[in-house]
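below are the sequence and a predicted model; questions follow.
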Amino acid sequence: AQKITQTQPGMFVQEKEAVTLDCTYDTSDPSYGLFWYKQPSSGEMIFLIYQGSYDQQNATEGRYSLNFQKARKSANLVISASQLGDSAMYFCAMRGGSYIPTFGRGTSLIVHP
Amino acid sequence: GAVVSQHPSRVICKSGTSVKIECRSLDFQATTMFWYRQFPKQSLMLMATSNEGSKATYEQGVEKDKFLINHASLTLSTLTVTSAHPEDSSFYICSARETSGNSYEQYFGPGTRLTVT
């Protein structure tokens, strides 16, 4: 069974500062993928970043980077230089061999001007 | 990137009626589509996995006779909420996994907000 844990229900950050959103996971699959999605108030799920379990390097996509620590089973999302438009719900998800994704409970991020 | 559409985006229906929600992959073929339900300020809950040409696989606790899923083609899956009740009011999101290409890519539709009065 797969499990994703996001322990931060809400986070606040000042505009232009960096913020880290926590995600830990548990799985028995030897090969898996980790994802982060952004969900603004409109409801659409926006794919941000992906990390494969065998990837040696941490994934980066523009201002987003994934701090992947396999031994600790953590996949934290780092957003650099926060913008007001970054205010949204953020979901961590994983997918194992079954290709069926499991989502965490989400973290609400509010960026203050 | 690939696009998934959902129709309608919002629907209000009366208790006891049925509602059909369509999920389409616009520029790619999707062997597998997923249907999720999301309550306010909560996570996405997987309802069922829909495979083209075969019966959907429902998650535990999801009534398959109430939530009918049909995946008749590689670009279309439908979710029909039968005999809807106010407790079925929710945000329903579909996602599609591309048949070819990067196997990890999963594309989400914009969601359908269902309100049952």
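Done, it's in. Residues are numbered from 1 along each chain as shown, chains lettered A, B, ... in the order given.

list the helices and strands the worst-scoring helix or strand of chain A on mean pLDDT packs on?
One helix or strand of chain A scores below all others by mean pLDDT, DSSP states H and E: strand A:101-103, with a mean of 89. Here strand A:101-103 touches strand A:3-5, strand A:88-95, strand B:44-51, going by 3 or more C-beta pairs under 8 Å, 6 or more residues apart in numbering or on different chains; DSSP states H and E. Heads up, the C-betas are built off the backbone N, CA and C, glycines and all.

okay, now the sheet partners of that strand, with direction.
Strand pairing for strand A:101-103, using DSSP bridges, gives strand A:88-95 (antiparallel).

what's next to the strand it pairs with, contact-wise?
Applying C-beta atoms under 8 Å, 6 or more residues apart in numbering or on different chains, the external contacts of strand A:88-95 come out as A:2, A:4, A:6, A:21, A:23, A:25, A:27, A:32-41, A:45, A:48, A:75, A:77, A:101-104, A:106-109, B:43-44, B:104, B:106.

the residue of chain B found nearest chain A - how many residues pack around it?
Closest approach between chain B and chain A, counting by C-beta to the nearest C-beta: residue B:108, at 3.8 Å. Using other C-beta atoms under 10 Å in any protein chain shown, residue B:108 has 22 neighbouring residues.

show me the contacts for it.
A:37, A:44, A:45, A:46, A:47, B:4, B:93, B:94, B:95.

give the bridge partners for it, please.
Under the criterion used (DSSP bridges), residue B:108 bridges to residue B:95.

stretch B:15-34: end-to-end distance?
End-to-end distance for stretch B:15-34, by C-alpha to C-alpha, to the nearest Å: 25 Å.

SS state for residue A:56?
Of the three states, residue A:56 takes coil according to DSSP: H, G, I helix; E, B strand; the rest coil.

cool, and residue B:87?
Quick answer, by three-state DSSP: residue B:87 is helix.

tell me, how many residues neighbour it?
The number of residues packed near residue B:87 is 8, by other C-beta under 10 Å.

what's the spacing between the nearest residue to it once chain neighbours are set aside and residue B:85?
Nearest residue to residue B:87, sequence neighbours excluded (C-beta to C-beta, 6 or more residues apart in numbering or on different chains): residue B:116, at 7.9 Å. Taking C-beta to C-beta, to the nearest Å as the criterion, residue B:116 is separated from residue B:85 by 6 Å.

what of residue A:85?
Note on residue A:85: its distance to residue B:85, by C-beta to C-beta, is 37 Å.

my guess is residue B:44 contacts residue B:38. True?
Yes: using C-beta atoms under 8 Å, residue B:44 makes contact with residue B:38 at a distance of 5.1 Å.

mutual contacts of those two, please.
Common neighbours of residue B:44 and residue B:38 (C-beta under 8 Å, 6+ apart) are residue B:93.

more neighbours: these two, which one.
residue B:44 (26 against 22).

check chain A for the residue nearest chain B and tell me.
Per C-beta to the nearest C-beta, residue A:45 is where chain A lies closest to chain B, at 3.8 Å.
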